[in-house]
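1. my questions are about this predicted structure, shown below with the sequence.
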Amino acid sequence: MKQIDKNVVILGWVSFFTDMASAMITPILPIFIVVVLHEGVDKLGIVVAIATFVSYALRLLSGYISDRYGIVKPLVVGGYALSALSKPLIGLSHGYKSIAGLKALERVGKGLRSAPKDLMISEYSRENASGKTFGFHKTMDIAGELSGTLILFGILWMFGQSETVMRNIFYATLVPGLIGLLLVAFFVRDIHIQRNEGAPQFTFTHRDKAVIRSLMFYFAFIFFMFNEAFFTMQAKGIGIAVTLIPLLFVVSTAMQTIVSYPVGVLIDRIGVRSVLVLAYLSGIAALLLLLAQKPILTWIAYGFLGIFTVVSLNANRAYISENSDNRGAVYGVFYAGVALFGALGAFVCGLLWEHFGMESAMLFSLGGSVLLFVVYLLGGKK
């Protein structure tokens, strides 16, 4: 931990409070849309797809701006501001369209900050310690999710799961959101990178292009991997009480908290490709357990979902840090790819679920994931 720069530590606390706010609403938002507002699962898929896709251009643009014009912290602060203000407004929504709009605004905030924030973390990383640094930051990120989920569970346990309670939870996210915003605005030092305004045009280097080609497989896997919103609806569909659903997210986030930093160390020691094998196996295991449609196996599936999420993100972020020249722009491509393929996957799975049933959507997701994993094992280096 002594190798972690203090600015990364503060950014960790920023992510802690921001993700606390997100975790307070993530487990109940699908239920709020489908059950409280009486919208279909296809509408849930549309909300997830729009919210994921809308940050596509901004993730590319913010990374490009950081590399070419040296603007980093203002994008990060602006992104956190949008996220902090958009979540509470969901409490005023009465239809899926307004929720989709507000989730899109929240994703705009994430799109603005994601690539520049990772650029800051990368710049503050010590030599040969990118895995540890990103592992530490992700640990703080996940710890915030865990705290927010526990807060949500406590509120539902004490006050019930009525529409009024859910709306008040949305309003309450303003508090941790503002704490995170103040921390990044006043306590994180900006980085200074060389500006490239004089260059005739921006171009990726050969190293950048090689990294982007390697990321395409991860994007394809994200397309088939179930979004956590569908994990939630599966849990409710097999009879897990709404009050207990936040605890499923506790399982996922607790597993991520435990695994994140050790996996960062492992990345530095054995390399990204070997670690990604663990990530993809965990994702497939989670889908297999969901397909069994037994409550106890769904609890275990959330644990494997947590492993897949944290291992794959840490591995790819560290890989970009170590192998790219224009890191801000490549991080932008990375997050844009995750957004685009995640949105398309959510839209397709939502349609399959609504029109052909939950099992059809699961089989589509599992079949594609297994096929890709076989291709990955037969392939070469990352």
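-> Here it is on my side, so go on.

2. and the closest residue to His355 other than its chain neighbours, what does it touch?
-> Nearest non-adjacent residue to His355, counting by CB to CB, 6 or more residues apart in numbering: Asp42, 7.5 Å away. Backbone N, C-alpha and C define where each C-beta goes, glycine included. By CB atoms under 8 Å, 6 or more residues apart in numbering, the residues touching Asp42 are 350-351, 353-355.

3. name only those of these that count as buried.
-> 350-351, 353-354 (16 or more other CB atoms under 10 Å).

4. related to what we said a few turns ago, which of the contacts of Asp42 fall within helices?
-> Counting by DSSP state H, the contacts of Asp42 place 350-351, 353-355 in helices.

5. next secondary structure after the host helix or strand of Tyr80?
-> Per DSSP states H and E: Tyr80 is located in helix 73-89. Next in sequence after helix 73-89, counting helices and strands by DSSP H and E, comes helix 96-123.

6. for the protein, where's the lowest mean pLDDT among helices and strands?
-> helix 56-69 (a mean of 72; mean pLDDT, DSSP states H and E).

7. mind listing what's buried along that helix?
-> Neighbour counts over helix 56-69 (16+ other CB under 10 Å) mark 56, 58-68 as buried.

8. kindly report the same for stretch 273-285.
-> Within stretch 273-285, the residues scored as buried using 16+ other CB under 10 Å are 275-276, 278-280, 282-285.

9. most widely separated two among the buried ones among the contacts of Asp42?
-> Leu351 and Trp353 (7.3 Å; CB to CB).

10. can you give me the helices for the stretch 251-382 of the chain?
-> 272-292, 295-323, 327-356, 358-378 (DSSP state H, counting those that start in this stretch).

11. mind telling me which of those the model trusts least?
-> When the helices of the stretch 251-382 of the chain are ranked by mean pLDDT, helix 327-356 comes last with a mean of 85.

12. extract the residue ranges of the stretch 51-200 of the chain that are flagged as low pLDDT.
-> Across the stretch 51-200 of the chain, the ranges flagged by pLDDT under 70 are 55-57, 59, 127-130, 193-200.

13. one step back: dump the helices of the stretch 251-382 of the chain into TSV; add distance to Ile169 as well.
-> Listed next are the helices of the stretch 251-382 of the chain as TSV, based on distance: least, CB to CB, whole Å:
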stretch	distance to Ile169
helix 272-292	26
helix 295-323	20
helix 327-356	23
helix 358-378	26
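
14. out of these, nearest to Arg126?
-> Nearest to Arg126 among those is helix 295-323 (11.6 Å), distances taken as CB to CB.

15. so that closest one versus helix 358-378, what angle?
-> Using axes from the mean of the first three to the mean of the last three CA atoms, to 10 degrees, the inter-axis angle of helix 295-323 relative to helix 358-378 is 40 degrees.

16. can you give me the angle helix 295-323 makes with helix 327-356?
-> 150 degrees.

17. quick one: residues contacting the spatially most central residue of the chain.
-> Per CA atoms, centre = their mean, the C-alpha nearest to the average position across the chain is that of Thr309, at 7.8 Å. Shown in contact with Thr309 (CB under 8 Å, 6+ apart): 252, 256.

18. ok, the nearest residue to Phe204 once chain neighbours are set aside - how many residues close by?
-> In space, Phe204 comes closest to Asn326 once its chain neighbours are excluded; the distance is 6.3 Å by CB to CB, 6+ apart. Residues contacting Asn326 under the criterion other CB atoms under 10 Å number 23.

19. Asn326 contacts Val211, correct?
-> No: using CB atoms under 8 Å as the test, Asn326 is too far from Val211 to be in contact (9.9 Å).

20. what pLDDT does the residue nearest to His355 get?
-> Note on Asp42: pLDDT of 82.

21. how far does whichever strand or helix holds it sit from its chain's centre?
-> Asp42 is part of helix 41-53 when elements are defined by DSSP H and E. The chain centroid and the centroid of helix 41-53 are separated by 15 Å, computed with CA atoms, centre = their mean, to the nearest Å.

22. circling back: residues shared between the contacts of Leu351 and Trp353?
-> Counting by CB under 8 Å, 6+ apart, the residues touching both Leu351 and Trp353 are 42, 45.

23. just checking, Ala285 touches Gly303?
-> No: the pair Ala285 / Gly303 is not scored as a contact, 9.2 Å apart, by CB under 8 Å.

24. got the contact list for Ala104?
-> Contact analysis of Ala104 by CB under 8 Å, 6+ apart lists 50-51, 54.

25. how about it: what's its closest non-neighbour residue?
-> Nearest one to Ala104, counting by CB to CB, 6+ apart, is Val54 at 4.1 Å.

26. so the one you found sits right up against Lys110, yeah?
-> No: the criterion here is CB under 8 Å, and Val54 misses it with Lys110 at 9.7 Å.

27. could you point out which element follows the helix or strand harbouring Phe16?
-> Using DSSP H and E, Phe16 sits in helix 6-25. Note on helix 6-25: by DSSP H and E, the next helix or strand toward the C-terminus is helix 29-31.
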